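J.: Based on what follows, work out the 3D shape:
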Amino acid sequence: MNQLSIWQRVHTVLRETTNERQYKTWLESTSLEGVEDGALGKILRIGVPGPFYKDWISNNFMTCLEKAVSTEFPGPLQIELVICQKTEEKQVDAPKAVTIEEARGNAIAQAPASQGGEETAPRRDVLNPQYTFGSFVVGPGNEFAHAACHSISEKPGKGANPVFICGPSGTGKTHLLNAVGNAVKEKYPHMRICYVSGERFLNDVVMGIRRKQMDKFHQHYREMYDLLIVDDIHVIARTNSTQEEFFHTFNAFYEAGKQVIVASDKLPKEMDGLEDRIRTRLEWGLTADIQPPDLETRMAILRYKAERAGISVPDEVVSLIAQISKRSVRELEGNLSTLKIYSELRGVPITVELARDVFSATIEQQKAGLTMDELIKHVAEHFGLSSRDLKSETRVKTVVRPRQIAMYLARKILGAGYVDIGRAFGNRDHTTVMHAEEKVGTLIQDDLDFRSEVNRLENNINNSQWTGL
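T.: Below is the predicted model of the structure:
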């Protein structure tokens, strides 16, 4: 059965059950990335171009998608949406027809075949081939975790064991876990890799107990693999039986000298309900912390993502998105996808004006959090000074002019009163602030270069990462 022709028929159903605009905007770029047998039926991995597509399709078109898919895959099934850039090119330019059986074979290629033709053995998740060390952007917040993961991928089981990757959601933990698996798969093709989420491990335990098939579970997890990779390990703390099974699975790998690498957004000591015997084992080896990317790293990530997706994004837009997307890499990707979709729907190129329009609410919300001290610091750094310089009593010209500009911008951006501004600048009199505002206003009118510099500084502040600068 040809996978490509099957998915083309699914698209035919989708065209008939949605209007043309919905189909072309949201569904046309989907692709069938893989099929495997799960505990509750077939699992279909459907590729979408980005996080924004994934969220939108999940919230608005999942029922429609399930009905269309069920015409080709009767019986129980689960749909997993996965981010897969350039799905359209992959679907159109497929080098050869791939059968469903081949797709299933690819999905479980890293694990040995189940005994006696049984289809009830637990299945681990599938490595994402796009998540490699080459596609991981390294910055100050993740360089140690990246180095640790790269090291164990070179000689799994020979160094730190286990390796625990910890960091907030959306900072690249899953990317690094997949990168380890993909690197080991390439360097050591004979090694059998088990990549599984904490949720999948828990579900496999529950299904094994319910079906009285724990012997298959034990054989699958403790005997079939050479490398164990568990994402969101904190999930196992939900049930005692899951912790019991992970404890013995961990011991089996560790005692055999096999590598274990796990990730979570919590340190072992922060996981509520986690048994001490598991906590201490997770702390045996190396713990590598990942912090949210700094501004420069976020900009580098955006440029890489845009280039991979074939999106032309001006530097000003890259800077703006990076400055308002402070929480995670997923937020960066989501904002980039959002801007791309707005650009396509309006039929206009991506410009800084469009970006400011699309993200105006976010910009205004962050501007509302700007403090006087942050504005002073930003102006001081622009002129190569310190905040202390601007608040000092010195009257040298190289300090006086930046101080006056800072007072002017405090009035314009923050709307602060003369008395409050004077107090912030070393308890100066309010008339000093009034004079500074008048002086800068006059220079802006009369001096083109001065006006350009002040406008550039104001724009930088308006588009900046308001906190921490």
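J.: how about stretch 364-382: buried residues?
T.: Neighbour-count burial for stretch 364-382 flags 366, 370, 372, 374-380, 382 (criterion: 16 or more other CB atoms under 10 Å). In short, each C-beta sits where N, CA and C put it, glycine included.
J.: Pull the most distant pair out of those residues.
T.: 366 and 380 (20.2 Å; CB to CB).
J.: Could you report the distance from residue 149 to residue 263?
T.: Going from residue 149 to residue 263 by CB to CB, to the nearest Å gives 10 Å.
J.: okay, and the common contacts of those two?
T.: Residues touching both residue 149 and residue 263 (CB atoms under 8 Å, 6 or more residues apart in numbering) are 165, 176-177.
J.: okay if I get the residues you listed as TSV plus distance to residue 243?
T.: What follows is these, written out as TSV (distance: CB to CB, whole Å):
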residue	distance to residue 243
165	20
176	24
177	21
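J.: Got the confidence number for residue 413?
T.: Looking at residue 413, its pLDDT is 80.
J.: count of residues packed around it?
T.: Per other CB atoms under 10 Å, the neighbour tally for residue 413 reads 14.
J.: swap in the one 4 residues further on?
T.: Residues within reach of residue 417, counting by other CB under 10 Å, total 13.
J.: Flag the shaky bits of this protein, pLDDT-wise.
T.: Under the criterion pLDDT under 70, the flagged ranges of the chain are 1-3, 38-41, 85-125, 365-369, 462-469.
J.: how about the strands in it?
T.: Along the chain, counting by DSSP state E, strands occupy 31-38, 41-48, 77-83, 163-166, 193-197, 227-231, 259-264, 286-289.
J.: Distance to residue 275 added to the buried residues of stretch 364-382, as JSON lines?
T.: Formatted as JSON lines, those follow (distance: CB to CB, whole Å):
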{"residue": "366", "distance to residue 275": "42"}
{"residue": "370", "distance to residue 275": "46"}
{"residue": "372", "distance to residue 275": "50"}
{"residue": "374", "distance to residue 275": "45"}
{"residue": "375", "distance to residue 275": "50"}
{"residue": "376", "distance to residue 275": "51"}
{"residue": "377", "distance to residue 275": "47"}
{"residue": "378", "distance to residue 275": "49"}
{"residue": "379", "distance to residue 275": "53"}
{"residue": "380", "distance to residue 275": "52"}
{"residue": "382", "distance to residue 275": "53"}
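J.: Out of the residues you listed, list just those in helices.
T.: Using DSSP state H, 366, 372, 374-380, 382 are the members of those that sit in helices.
J.: I'd like those residues as a markdown table, with distance to residue 192 appended.
T.: Below are those laid out as a markdown table (distance: CB to CB, whole Å):
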| residue | distance to residue 192 |
| --- | --- |
| 366 | 48 |
| 372 | 60 |
| 374 | 53 |
| 375 | 57 |
| 376 | 59 |
| 377 | 54 |
| 378 | 53 |
| 379 | 59 |
| 380 | 57 |
| 382 | 56 |
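J.: From those, pick the one nearest residue 268.
T.: Nearest member of those to residue 268, counting by CB to CB, is residue 366, at 34.2 Å.
J.: From residue 273, how far out is the nearest residue to residue 73 once chain neighbours are set aside?
T.: Leaving out its chain neighbours, the residue that sits closest to residue 73 by CB to CB, 6 or more residues apart in numbering is residue 42, at 5.7 Å. Computed with CB to CB, the distance linking residue 42 and residue 273 is 33 Å.
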